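> Predicted coordinates and the sequence they were generated for:
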Amino acid sequence: MPKPVIWTVDDDPDVLRAVERDLRRKYGDPYKVISADSGASAMEATRQLKLRNEPVALFLVDQRMPRMSGVEFLEKAIELFPDAKRALFTAYADTDAAIRAINNVHIDHYLMKPWDPPEERLYDVVDDMLDDWQSSFHPVFEGVRVVGNQWSPHSSEVRDFLGRNFVPHQWLNIETDDTAKQLLDTTGADPASLPVVVFADGSFLSNPPTAEVARKLGLKTKAEFPFYDLVVVGAGPAGLAAAVYGAADGLHTLLIEREAPGGQAGRSSRIENYLGFPMGLSGNDLARRAVAQARRFGAEILAPQEVTGVRIEGPTRVLKLADGSEIGTRALLIATGIAFRKLDVPGLDRLSGAGVYYYAPMSDAFSYRDGDVYIVGGANSAGQAAMYFSKFARQVTMLVRGASLSDSMSQYLENQIAATKNIEVKLNSSVVGVEGAGHCESLTIRNNKTHATETVPANALLIYAGAVPRTDWLAGVVERDAQGYLISGQHLVLEGKRPAGWTVDRDPFYLETSVPGIFVAGDVRHRSAKGVTSGVGEGAMAVKLVHQYLGLL
Ligand SMILES: Cc1cc2nc3c(=O)[nH]c(=O)nc-3n(C[C@H](O)[C@H](O)[C@H](O)COP(=O)(O)OP(=O)(O)OC[C@H]3O[C@@H](n4cnc5c(N)ncnc54)[C@H](O)[C@@H]3O)c2cc1C
């Protein structure tokens, strides 16, 4: 928490030094005493304080300064720090100006020069003002601040990115929050280039790609070494588990994640079926703990960083990354999970990020307080979202294509939904249109049995329509099934024949792909059980198989 600032401004260098010295002597410990010799330089420094979110407790300013008087300075400065206490230093001749300032800029005190001895003529007044200020001061937020528009897809993307990478941040909605407007003015950034991301050091970026935000935050996107024992691609539950157990077992391990640790699970508001957590836990918590655990064992984690290709060079598997760099590894584990299936519905793409979301971030739930939220999908992820959003929304409606929820959803969740008053389930229903000017305002829904359509007002459409693997970067290297899932173990040995190009004298291990030393775990694996627990189990098991493989080399 930064120390609150006491500002003193005076154009006379001797006076400035003296007042600064007296203030430091008494207040230098709990406060940061700073000074400037002109209103203009003080104004620029005040703007920087605002950008760094450092609170100002008190302005103590000389009235008689040649280019900008004390009152003129205070008029501007209090726009940035309206809660700061204000005092003017005046000579006897300026008393009238000081009295006028009491009304104009609501100064709290004026002090006559000289103020000697400070114990009698300065400290009591300053104590009084600081006590007042402290009594209504709320500690400021210290992390990254994002000024944006609630309905801007890019604002949502940046927020989601920060949240999922565990970066503490404060969201300031330009439409409803005066602080947001003030901060935007202070940066001087173009209001048409939102979001503006303001960092703790006061610097800011306008409408930045998330990769630039990552760079600025110092998120690690470059590997420390050119070669590892084990590289894991994808930091969902499977990849995180492999990183934890790989590093714990002494393998020099690197984990590479395209977006943010947690994978699909990171979007889950409450995983209720994970062993050892009878009250459930959020996917974000699970990911945060796993990342801490992996790091504690010495695993290196790159995020955001994408793997775009792989080639085999003898015993080395060489990975190509999106930034063009390459990394070699003795063993490779692919745990890239599955990616959301897109819906082809008129209006949907245009409003994506503006009330329409695939697997909406949980942090958005509050935005739909008292709103009408529609959820597409009938699997557990849709059910969890319905439960979570129902705590904020006026009404949640689930649109389910099939004739029953039971076919696709766990019984415990179906029961919870049935018992929640503000959730309605519409079976045999599909969304066929999304309408709205700047954001989602209404939906057209079709009954798949009767083909009747209706248009309903909607504040949000949240889509949980399943997912597919994205493994094109492995095409031609590793065998995949028709949907793109990676084939492993016994599924590769057909009528006793090992896969084409197989180079070692044994069958592939259970989680080994068609290339020796390249393993697969989690949802991306052909015929995997899917889910958090099986992902974690497979990630751990893969590490044991990697050991066996390395022992065989
Ligand atoms: C909203 C929601 C709720 C859910 N709730 C539950 C639940 O309650 N219980 C349950 O058991 N399951 C639940 N699931 C399913 C569960 O989350 C998944 O089965 C699980 O996350 C799969 O883990 P994974 O590690 O195999 O892959 P994923 O979680 O999909 O992670 C894969 C990771 O790989 C990264 N990646 C992909 N390609 C690359 C690349 N080329 N380079 C670098 N990184 C890459 C992705 O960005 C992703 O982070 C839920 C899913 C969702 C979406």
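Cool, the structure landed. Numbering: from 1, shown residues only.
> Next secondary structure element downstream of the worst-scoring helix or strand of the chain on mean pLDDT?
Using mean pLDDT, DSSP states H and E, helix 95-104 stands out as the lowest-scoring helix or strand of the chain, at a mean of 76. Using DSSP states H and E, the helix or strand that follows helix 95-104 in sequence is strand 109-112.
> Tell me which strands that following strand pairs with, and in which orientation.
The strands beside strand 109-112 in its sheet (DSSP bridges) come out as strand 85-90 (parallel).
> Which helix or strand contains residue 145?
Going by DSSP H and E, residue 145 is part of strand 144-148.
> again with residue 294
Secondary structure from DSSP H and E places residue 294 in helix 283-296.
> Restricting to C-alpha, output the least confident helix or strand of the chain in CSV.
Below are the C-alpha coordinates for helix 95-104, written out as CSV (Å, rounded to 0.1, in the frame of the first residue of the first chain):
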residue,chain,number,x,y,z
THR,A,95,-5.5,37.2,3.2
ASP,A,96,-8.4,38.4,1.1
ALA,A,97,-7.5,36.0,-1.7
ALA,A,98,-7.2,33.2,0.8
ILE,A,99,-10.7,33.9,2.2
ARG,A,100,-12.2,34.0,-1.3
ALA,A,101,-10.5,30.6,-1.9
ILE,A,102,-12.3,29.1,1.1
ASN,A,103,-15.5,29.5,-1.0
ASN,A,104,-14.1,28.8,-4.4
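> Tell me where the stretch 251-400 of the chain has strands.
Ranges of strands in the stretch 251-400 of the chain, per DSSP state E, counting those that start in this stretch, are 253-256, 300-302, 307-313, 316-321, 326-334, 339-340, 356-358, 372-376, 395-399.
> and stretch 275-282, does that touch the ligand?
No - Stretch 275-282 stays clear of the ligand (C-beta under 6 Å from any ligand atom), getting no nearer than 7.8 Å. Every residue, glycine included, has its C-beta placed from N, CA and C.
> In which helix or strand does residue 162 reside?
Following DSSP H and E, one finds residue 162 within helix 153-164.
> relative to strand 144-148, how tilted is that helix?
160 degrees (axes from the mean of the first three to the mean of the last three C-alpha atoms, to 10 degrees).
> in the stretch 451-553 of the chain, what spans have low per-residue confidence?
552-553 (pLDDT under 70).
> in the helix or strand residue 71 falls within, what counts as buried?
Secondary structure assigned from DSSP H and E places residue 71 in helix 70-80. For helix 70-80, the neighbour count (16 or more other C-beta atoms under 10 Å) marks 70-74, 76-78, 80 as buried.
> What is the nearest of those residues to the ligand?
residue 80 (40.0 Å; C-beta to the nearest ligand atom).
> quick one: the closest one and residue 47 touch, right?
Yes - contact status for residue 80 versus residue 47: in contact at 6.7 Å, counting by C-beta atoms under 8 Å.
> where do the contact lists of the two overlap?
Taking C-beta atoms under 8 Å, 6 or more residues apart in numbering as the contact rule, residue 80 and residue 47 both touch residue 186.
> Select, out of the strands of the stretch 251-400 of the chain, the one closest to the ligand.
If we rank those by C-beta to the nearest ligand atom, the stretch that ends up nearest is strand 307-313, at 4.0 Å.
> List the strands paired with that closest one, with their directions.
strand 316-321 (antiparallel).
> Is the ligand within reach of the partner strand?
No - Strand 316-321 lies apart from the ligand when judged by C-beta under 6 Å from any ligand atom; the minimum separation is 8.3 Å.
> Now do that strand, average pLDDT.
Regarding strand 316-321, the rounded mean pLDDT is 98.
> Other residues contacting that strand?
Residues outside strand 316-321 that contact it (C-beta under 8 Å, 6+ apart): 227, 231, 233, 256, 305-312, 326-332, 515, 517-518.
> from those residues, which would you call buried?
Looks like the contacts of strand 316-321 have 231, 233, 256, 305-307, 309-310, 312, 327-332, 515, 517-518 buried, using 16+ other C-beta under 10 Å.
> still on that earlier bit, got the CA positions of the helix holding residue 162 in CSV?
Presented in CSV, the C-alpha positions along helix 153-164 are these (Å, rounded to 0.1, in the frame of the first residue of the first chain):
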residue,chain,number,x,y,z
PRO,A,153,-15.6,-7.4,-26.8
HIS,A,154,-12.0,-6.3,-26.4
SER,A,155,-12.6,-4.8,-22.9
SER,A,156,-14.1,-8.2,-22.0
GLU,A,157,-11.1,-10.1,-23.5
VAL,A,158,-8.6,-8.0,-21.5
ARG,A,159,-10.6,-8.5,-18.2
ASP,A,160,-10.9,-12.2,-18.8
PHE,A,161,-7.2,-12.4,-19.6
LEU,A,162,-6.2,-10.6,-16.4
GLY,A,163,-8.6,-12.6,-14.3
ARG,A,164,-7.5,-16.0,-15.6
